[in-house]
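In: Build me a model from this:
(one chain, ligands or ions: 1)
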Amino acid sequence: MTIDDREFLMPWFKEKGVVKYQEAKFVEVLDKGMVIQTKDGKKITIDCDTVVPSTLLKQNLDLAAKLKGKVPEIYSVGSCTKPEPDIMADAIASGAKIGHQI
Ligand SMILES: Cc1cc2nc3c(=O)[nH]c(=O)nc-3n(C[C@H](O)[C@H](O)[C@H](O)COP(=O)(O)OP(=O)(O)OC[C@H]3O[C@@H](n4cnc5c(N)ncnc54)[C@H](O)[C@@H]3O)c2cc1C
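Out: Here you go, the predicted structure:
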């Protein structure tokens, strides 16, 4: 979830009485909910239909690192290369730029 979406969503959650568990860790998604671990170590099962991850987005080059050496060339493009997400046009442009270089 992008930071501006969070800014709109959080006040609405508050208005609707949504319970927040801050610094909780994800444990497992179940058929009818999910299990989290609160910051004091307690495991809680939450009944729900839909899980929306609302952690901040960040750079992630893990896949490229795992593929290194397994293929002749590897280039990372798009959102995974950015500390903060861009819009689709930027992701497409970064892919096009590398594509033209190749
Ligand atoms: C909530 C939200 C709203 C947004 N709204 C807009 C908007 O209105 N307009 C706009 O222009 N942009 C918007 N964006 C940004 C836009 O989604 C991104 O710029 C764009 O999707 C980046 O494209 P990408 O191909 O780089 O990455 P992604 O679209 O994230 O694609 C990466 C893909 O790689 C897959 N993947 C990751 N790791 C692995 C792995 N190890 N093995 C296999 N597959 C893997 C992922 O599942 C994903 O399908 C929004 C982003 C978010 C999160």
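
In: From here on, just use CA atoms for contacts and neighbour counts.
Out: OK.

In: Which residues of the protein lie near the ligand?
Out: 1-2, 63, 78-80, 85-89, 91 (Cα under 6 Å from any ligand atom).

In: Go again with 5 Å.
Out: Contact residues, the chain versus the ligand (Cα under 5 Å from any ligand atom): 1, 63, 78-79, 86-88, 91.

In: can you pull the contacts of the residue nearest the centre of the chain?
Out: Centroid-nearest residue in the chain: residue 57, 5.1 Å away (criterion: Cα atoms, centre = their mean). Neighbour list for residue 57: 1-2, 83-85 [criterion: Cα atoms under 8 Å, 6 or more residues apart in numbering].

In: That one sits in which helix or strand?
Out: In this structure, residue 57 sits in neither a helix nor a strand according to DSSP states H and E.

In: quick one: pLDDT of it?
Out: The pLDDT attached to residue 57 in the predicted structure is 78.

In: re earlier: most neighbours out of the residues of the chain next to the ligand, which is it?
Out: Neighbour counts for the residues of the chain next to the ligand peak at residue 79, which has 21 neighbours (criterion: other Cα atoms under 10 Å).

In: ok, it to residue 54 distance?
Out: 16 Å (Cα to Cα, to the nearest Å).

In: what about the strands in the protein?
Out: 25-30, 33-37, 43-47 (DSSP state E).

In: possible to save those as TSV with mean pLDDT?
Out: Formatted as TSV, these follow (pLDDT from 0 to 100):
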stretch	mean pLDDT
strand 25-30	93
strand 33-37	95
strand 43-47	95
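
In: so which of these gets nearest residue 98?
Out: strand 25-30 (35.7 Å; Cα to Cα).

In: Just list what that closest one packs against, helices and strands only.
Out: On a contact count with 3 or more Cα pairs under 8 Å, 6 or more residues apart in numbering; DSSP states H and E, strand 25-30 meets strand 33-37.

In: buried residues in the strand it packs on?
Out: 34-37 (16 or more other Cα atoms under 10 Å).

In: again, but for stretch 34-49
Out: In stretch 34-49, counting by 16+ other Cα under 10 Å, buried: 34-37.

In: just those residues now: which is nearest the ligand?
Out: Nearest to the ligand among the buried residues of stretch 34-49 is residue 34, at 20.2 Å by Cα to the nearest ligand atom.
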